[in-house]
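*Asks:* just need the structure, nothing else, for what follows:
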Amino acid sequence: MKTEIVYSVCNINKLIILDSIIISGNKINNWAERYIDSKSKNIYRMLSDVIKILHKKHSNYLFYDTSNRHEVLFKKNQSFKIYDTWINIFKELNLNNKFYFISNNTGQSIIPQMGYDNHLGFHSMIGWSYPYKYDITLRKFKKKFICLNRRDVLHRRIIFDYLNENYKNDSYISFAPNEIDNPRRTILQDLKITEEGRATSGFTNEFQKHSFCNIVTESSTESGLIHITEKTDKCFSTGQPFVLVSGPNYLKKLHELGFKTFNKWWDESYDEEQDFKKRMKKVKNVIRYIGGWDLSKCESVYDEMMEVLLFNQNKNKEYYHRGFFNKLLTHNKITEDLNINLF
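*Replies:* Alright, predicted model coming up:
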């Protein structure tokens, strides 16, 4: 029978995006899940034959499963059952070094301790918001700070409470907008924008243009883990300086990735602090320092920062255009006669 294969490759990076492959209208990882549930030899053979066909057509390409590229993998779940299936298939085809799976952790990972040596930590969300960028020009600010918190976690509570108590009128703040019963619930944007699962929550917004400094409460403060998300990326796209509330060494990682930060204007030693409580105290000290400026001072400092902000936006543009999750994807279709009964 005729089986249509639809798939995506990145020709510059010589990658086949494995989880983008569609076989007879269904995603390949859905087929893998069917195999896991049924142990069907026909499905397993079909998956193996698809890999053989694509490898023959692109013999010097790697296969990347990017289905968890925006997540941090820290325990075995259904995804690892799929990875195990692919590892077995690639091993049987003598293509052991052709399959890798991606997650958004460029720090320390426990995955090698779980017995996997084909995991890659990748900064997959850098460049993500570039299409929604703002021109970087001299600005007039309405607020000193912006701090957006869609989910309720400890470090966000600490920073929200501090801003709410001391700089409420100087800040655009949101907190758990879609959690109706949350006592800290604070709504800034339309709830449809911040709804769970909507990409719009990661878009840049006008509030960023009208505020001087973004207090970025990243997803994790865990030591060793570095999970850079759209929260930081949006600052590059909008041309906004930021204070990063995260685990240690996030700023160090940004420097390694080619970005510049703001130690010329305030103390960034919080990034080196391993102790959570001490790091939060240092972050508050920076907020207090900036909070002592009036808007005229913020605008003057922003003028001084323009070279750094433009540099970061251009660097972000580079990541967007060379990122294999973005415009470099080239969609291809092939139809092969696999002579396999899919059921």
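
*Asks:* all contacts plus neighbour counts: C-alpha atoms, from now on.
*Replies:* Fine.

*Asks:* list the residues that contact Asn332.
*Replies:* 6-9 (CA atoms under 8 Å, 6 or more residues apart in numbering).

*Asks:* repeat that for 10 Å
*Replies:* Asn332 sits next to 5-9, 21 when contact means CA atoms under 10 Å, 6 or more residues apart in numbering.

*Asks:* so which of those residues comes closest to Val50?
*Replies:* Nearest to Val50, judged by CA to CA, of these is Ile5 at 7.9 Å.

*Asks:* look at the closest one and report its pLDDT.
*Replies:* With respect to pLDDT, Ile5 scores 92.

*Asks:* check the gap between it and Val286 for me.
*Replies:* To Val286, Ile5 is 54 Å away according to CA to CA, to the nearest Å.

*Asks:* so those two - more neighbours on which side?
*Replies:* Between Ile5 and Val286, counted using other CA atoms under 10 Å, Ile5 has the larger neighbour count: 21 against 17.

*Asks:* please look at the more buried one and Ser24 and confirm they touch.
*Replies:* Yes. In this structure Ile5 lies within contact range of Ser24 using CA atoms under 10 Å: 6.6 Å.

*Asks:* could you give the number of residues near Lys333?
*Replies:* 11.

*Asks:* what's the nearest residue to it if we skip its chain neighbours?
*Replies:* Val6 (4.8 Å; CA to CA, 6 or more residues apart in numbering).

*Asks:* tell me the contacts of Phe203?
*Replies:* 128-133, 193-194, 230-231, 233-234, 237.

*Asks:* closest to Leu47 among those?
*Replies:* Nearest member of these to Leu47, counting by CA to CA, is Trp128, at 30.8 Å.

*Asks:* and the strands in the chain, which stretches?
*Replies:* 2-10, 15-23, 26-27, 62-65, 99-103, 119-121, 143-149, 171-175, 211-217, 242-245, 329-337 (DSSP state E).

*Asks:* now those as a markdown table including distance to Lys278?
*Replies:* Listed next are those as a markdown table, based on distance: least, CA to CA, whole Å:
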| stretch | distance to Lys278 |
| --- | --- |
| strand 2-10 | 44 |
| strand 15-23 | 42 |
| strand 26-27 | 47 |
| strand 62-65 | 38 |
| strand 99-103 | 29 |
| strand 119-121 | 28 |
| strand 143-149 | 20 |
| strand 171-175 | 23 |
| strand 211-217 | 16 |
| strand 242-245 | 12 |
| strand 329-337 | 43 |
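
*Asks:* among those, show the one with the smallest mean pLDDT.
*Replies:* Of all the strands of the chain, mean pLDDT reaches its minimum on strand 329-337 (a mean of 68).

*Asks:* was I right to think Phe99 contacts Asn118?
*Replies:* Yes. Counting by CA under 10 Å, Asn118 is a contact partner of Phe99 at 7.0 Å.

*Asks:* intersection of neighbour lists for these two?
*Replies:* Listed as contacting both Phe99 and Asn118 by CA under 10 Å, 6+ apart are 64, 83, 87.
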